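Novice: what follows is a predicted structure for the sequence shown.
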Amino acid sequence: MNDRKKKNLIKKNSHLFWYIKKDSLDKINDEFLVETILNYGDWKSVQKLLEIFSIEKVAKIFFNQISQKRNNYKKPTLNFFKLYFNEHIQKRSIIKRSIKTSANNQKV
């Protein structure tokens, strides 16, 4: 992950962090950033988040957060991203297996 890209994402979405002092914005951790962007960001910001962190890392953070006794996700957001990550991670796994199988077959 590129820190400069992360800082740029936070800066472009600074309206979501209106209650945090400007000099503290660079201290936002990955978990808080993921939660905030998924809950309140627009689709373009979500896509940028996935580009910066990878879908696997964002999904891992998301599923870890929702496995806690209490989380801050709104119900529609929670439902959407459960479906979204399950679908996309499953597709990536199938593609990776397919590529691996194809590579193994070419060796023979």
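Specialist: Cool, got the structure.
Novice: what is the neighbour count of residue 5?
Specialist: 14 (other Cβ atoms under 10 Å). Quick note: C-beta positions are derived from backbone N, CA and C, even for glycine.
Novice: same check on residue 4?
Specialist: For residue 4, the neighbour count with other Cβ under 10 Å is 8.
Novice: ok, now how distant is it from residue 26?
Specialist: Taking Cβ to Cβ, to the nearest Å as the measure, residue 4 falls 11 Å from residue 26.
Novice: before we move on, what about residue 86?
Specialist: Distance, residue 86 to residue 26, using Cβ to Cβ: 33 Å.
Novice: where does pLDDT dip in the chain?
Specialist: Residue ranges of the chain with pLDDT under 70: 1, 91-108.
Novice: pretty sure residue 9 sits against residue 46.
Specialist: No. Applying Cβ atoms under 8 Å as the test, residue 9 and residue 46 come out as separate, 10.4 Å apart.
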